[in-house]
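# For reference, the sequence and a predicted model appear below.
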Amino acid sequence: MISFRKLFICLFFPLAALLAGGAMVYGHLEVERELAYRRELELAQVRLGVGAATWNIEPVAGDLLFLSRLRSLREVAHEPSAARLASLAADFSAFSGAKQVYDQIRWLDESGMERVRVDLRQGLPVTVPAAELQNKAQRYYFREALRLGVGEVFISPLDLNIEHERIEIPYKPMLRVATRVVDGDGRRRGVLVLNYYGNGILQAFAKATGGRGMLVDMQGYWLKSPRAADEWGFMFKRAEASMGVRAPAAWKAIVAAERGQTELQDGVWTWETMRPLGSAESRRAGMPPAGDYFWKVVSHWPGEQRDAIAQRIRLRVAGAAGLMLVLAGLGSWKLARAWTLLAESETKYQTISKFAYDWETWISPNRQPLFSSPSCERVTGRPAADFMADPDFLRNIAHPDDRAIVDEHLLHHIDRHETCEFCFRILLPDGQVRWIEHICLPVFSESGEFLGRRASNRDITDHKNDEARIQQLAFFDVLTGLPNRRMLSDRLDHGLAQARRFGRSLAVMFLDLDHFKQINDTLGHDAGDELLKHVANRLQACVRSGDTIARQGGDEFIVVLTEVTHAEDAARVADKIIQAIGEPIRISGTPLHVSTSIGIAVYPINGSDDAQELLKKADRAMYAAKAAGRNTYRFFAD
């Protein structure tokens, strides 16, 4: 007869080895799961940083082209008299005061001399006296702008403003955009330059990334960093203040790929490339895509924090493993004395199940519940006893729109021998909706008998919400909720492809609100924003569900009409829009009367199946509508 000591050794030592090995594997998986979650957070933060920077920079080129078409600028370019210079300065001042984002608006003649310059000082536009105007012939942005063709736009790298050959204090991050100026006869008369105060981009970027993100130029110098002392190293010729010197291994990986994530000894580096010069607005202005200048949005999760998390998880698992070893020893002692292996094994199984974070279940081959972990209540808001008492529990808590998915799974997968994974929504007792990731697999006995299916149910609601927020920021206008330029481009390309394939017509309408600037100047930007929301709602009521309405920027909207039979169809929609927008709009108790000018380009009547060309033609038709007296529409005519 085997002795009690030998029996205890035979029971305890294998169990101890199993627990130790299981603790190591579980600890490793738990560390990997937590680190993977943190890496996903870093990726989301980088994407938010790219979106914030891009959204702030896109409208600048459009403002520049708007100013370049001012009548006062063309007149003063033809004859720079004192009266015309003063008129141009007044127009620049009004625009500067309304926008509040341009540090300087300047017209430079062909020699590089500033002829009109308006500065924004403490929120007020100030016309610089003639005696203080400077010659900028040697500045790189002037030389680059002189090479432009009419209608093309130059956008400079982001750097610090220089006045009188010195970096201005306090620092003013500047992005300079420039275009050629022509007079009424079409002759080139210098350059129009906007100094965009880049601090808005940097502040929006910092807010989107929680102050942890880094914006790095193509040479590895920080434009925005959690440590202000690291910024603008290239302006002060500080080669050591660059990623190439501070983190050469990380910088090598970052430069080599458009986007990615790499884990090095000093931590996890996450990045994505953005090209500030390659925006949709600059391409519409005539610029080629700027593939040779880029910024890197970078996030660094320090190795010390990564290692601390791993160490904390390992210590927690080690503590739990130690406790479980003690329990195993006591259990083996009792098993050896009382021969109650089955009962004690069941007790241990139930004890371990209580530590499971996800909701674990087991359903028999005839769909009867066999087991539910206590975390059922944390995930579903209902106790595990409800699951054990109701074979249709999973179906009954499913969202009505997802119940068919659950039904199909229960009917067709209960007797199949493959792993199944799907996501669905459930309703909590208080009406809240949660997303569940359901993974189940078959269970077999040692003899191969099918014992049912075990399932793990994880609450992924936060992850789904993060995906929805990122989707909203990437494809929709924040103010109106309409599709932005990015989504417009996708839908217009798709519409043109369908039109080509099925021989259909497609119309693009370019809308610009008449005298919108006066409303902003008199009632303020909040009233202007509220007006844009009302206009967006009225536009949506004028078109079919399959058509697209997008906000182009400022007070400009684009309407894409698919499956147009005749050009007159677009004309009828234009009349409907003009009438709808012409109805009074009440803002803060004040009725406002607004009108719109509409330009229409039709494919294939107007010949081009290129989306950008079609937009340009609709844009030109819109200006023809404005020239015809506003509050009307015009079709594009060569």
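Sure thing, it's come through. Numbers count the residues shown, from 1 in each chain.

# Leaving out sequence neighbours, find the closest residue to residue 196.
Sequence neighbours aside, residue 175 is the residue nearest to residue 196 in space, at 4.4 Å (criterion: CB to CB, 6 or more residues apart in numbering). Every C-beta, even on glycine, is put in place using the N, C-alpha and C of the backbone.

# My impression was that that neighbour belongs to a strand - is that right?
Yes. Residue 175 sits within a strand when classified using DSSP: H, G, I helix; E, B strand; the rest coil.

# Verify the stated contact: it with residue 199.
No. Taking CB atoms under 8 Å as the definition, residue 175 is not a contact partner of residue 199, at 10.3 Å.

# Looking at the two, which one has more neighbours?
Set residue 175 next to residue 199 and count neighbours by other CB atoms under 10 Å: residue 175 wins out with 22 against 15.

# Quick check: the gap between the more buried one and residue 95.
17 Å (CB to CB, to the nearest Å).

# Now stretch 41-60: buried residues?
42-60 (16 or more other CB atoms under 10 Å).

# cool, stretch 572-586 as well?
573-574, 577-578, 581, 585.

# so who does the residue nearest to residue 196 touch?
57, 60, 155-158, 195-196, 198, 201, 276 (CB atoms under 8 Å, 6 or more residues apart in numbering).

# from the residues you listed, which ones fall inside strands?
Under the assignment DSSP state E, the contacts of residue 175 contribute 155, 195-196 to strands.

# with those in mind, which one is nearest to residue 81?
Closest approach between these and residue 81, by CB to CB: residue 195, at 25.8 Å.

# what number of residues lie near residue 147?
9.

# Pull up the gap between it and residue 188, please.
Distance from residue 147 to residue 188, by CB to CB: 11 Å.

# And the furthest pair within the contacts of residue 175?
Greatest spacing in the contacts of residue 175, by CB to CB: 195 and 276 (15.3 Å).

# ok so, going back, a markdown table please, covering the buried residues of stretch 572-586 and showing pLDDT and distance to residue 259.
Supplementary listing: these in a markdown table, determined by pLDDT from 0 to 100; distance: CB to CB, whole Å:
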| residue | pLDDT | distance to residue 259 |
| --- | --- | --- |
| 573 | 94 | 40 |
| 574 | 94 | 42 |
| 577 | 94 | 40 |
| 578 | 94 | 44 |
| 581 | 93 | 41 |
| 585 | 90 | 43 |
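
# Which residues are in contact with the closest residue to residue 207 other than its chain neighbours?
Using CB to CB, 6+ apart and skipping residues adjacent in sequence, the residue nearest residue 207 is residue 52, 7.1 Å away. Listed by CB under 8 Å, 6+ apart, the contact partners of residue 52 are 204-205, 207-209.

# Quick check: of the residues you listed, which lies closest to residue 529?
Lowest distance from residue 529 to those (CB to CB) belongs to residue 204, with 17.0 Å.

# now the protein, which segments are flagged as low pLDDT?
Filtered on pLDDT under 70, the chain yields the residue ranges 1-2, 4, 277-292, 336-356, 412-416, 472-474, 608-609, 638.

# Just give me the longest strand of it.
Max-length strand for the chain by DSSP E is strand 433-444.

# Report the next helix or strand after that one in sequence order.
Next helix or strand after strand 433-444 toward the C-terminus (DSSP states H and E): strand 450-459.

# relative orientation of that following strand and strand 433-444 in degrees?
Here the directions of strand 450-459 and strand 433-444 differ by 160 degrees (axes from the mean of the first three to the mean of the last three CA atoms, to 10 degrees).

# Give me the buried positions along strand 450-459.
Buried residues in strand 450-459 (16+ other CB under 10 Å): 452-459.

# what's near enough to touch the closest residue in space to residue 114 that isn't next to it in sequence?
Using CB to CB, 6+ apart and skipping residues adjacent in sequence, the residue nearest residue 114 is residue 133, 4.0 Å away. Applying CB under 8 Å, 6+ apart, we find residue 133 in contact with 113-115, 117.

# How about residue 550?
Contacts of residue 550 (CB under 8 Å, 6+ apart): 477, 482-485, 487-488, 491, 557-558, 560.

# Tell me which of those fall in helices.
Among the contacts of residue 550, the ones falling in helices (DSSP state H) are 485, 487-488, 491.

# possible to save the residues you listed as JSON lines with distance to residue 25?
Converted to JSON lines, these look like this (distance: CB to CB, whole Å):
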{"residue": "485", "distance to residue 25": "49"}
{"residue": "487", "distance to residue 25": "45"}
{"residue": "488", "distance to residue 25": "50"}
{"residue": "491", "distance to residue 25": "49"}
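
# Most neighbours among those, please name it.
residue 488 (24 neighbours).

# give me the beta-bridge partners of the closest residue to it other than its chain neighbours?
Distance criterion CB to CB, 6+ apart; nearest residue to residue 488, sequence neighbours excluded, is residue 550 at 3.8 Å. When assigned by DSSP bridges, residue 550 has beta-bridge partners residue 558.

# re the thing from before, now, which of the buried residues of strand 450-459 sits nearest residue 239?
Of those, the one sitting nearest to residue 239 (CB to CB) turns out to be residue 458, at 48.5 Å.

# Please verify my assumption that that closest one contacts residue 360.
No. Using CB under 8 Å, residue 458 makes no contact with residue 360, being 10.3 Å away.

# can you give me the helices for the stretch 351-500 of the chain?
376-380, 384-389, 393-397, 403-412, 461-475, 485-502 (DSSP state H, counting those that start in this stretch).

# As CSV, these with distance to residue 68 would be great.
Conversion of the helices of the stretch 351-500 of the chain to CSV gives the following (distance: least, CB to CB, whole Å):
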stretch, distance to residue 68
helix 376-380, 60
helix 384-389, 69
helix 393-397, 61
helix 403-412, 56
helix 461-475, 30
helix 485-502, 20
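
# Quick one, which of these gets closest to residue 67.
helix 485-502 (20.4 Å).

# Could you point out the helix or strand that follows that closest one?
strand 505-513.

# which helices and strands does that following strand pack with?
With contacts taken as 3 or more CB pairs under 8 Å, 6 or more residues apart in numbering; DSSP states H and E, strand 505-513 sits against helix 485-502, helix 525-540, strand 556-564, helix 567-582, strand 596-603, helix 611-627.

# Output those as TSV; include the columns distance to residue 422.
Shown next, in TSV, are those (distance: least, CB to CB, whole Å):
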stretch	distance to residue 422
helix 485-502	28
helix 525-540	34
strand 556-564	34
helix 567-582	42
strand 596-603	41
helix 611-627	37
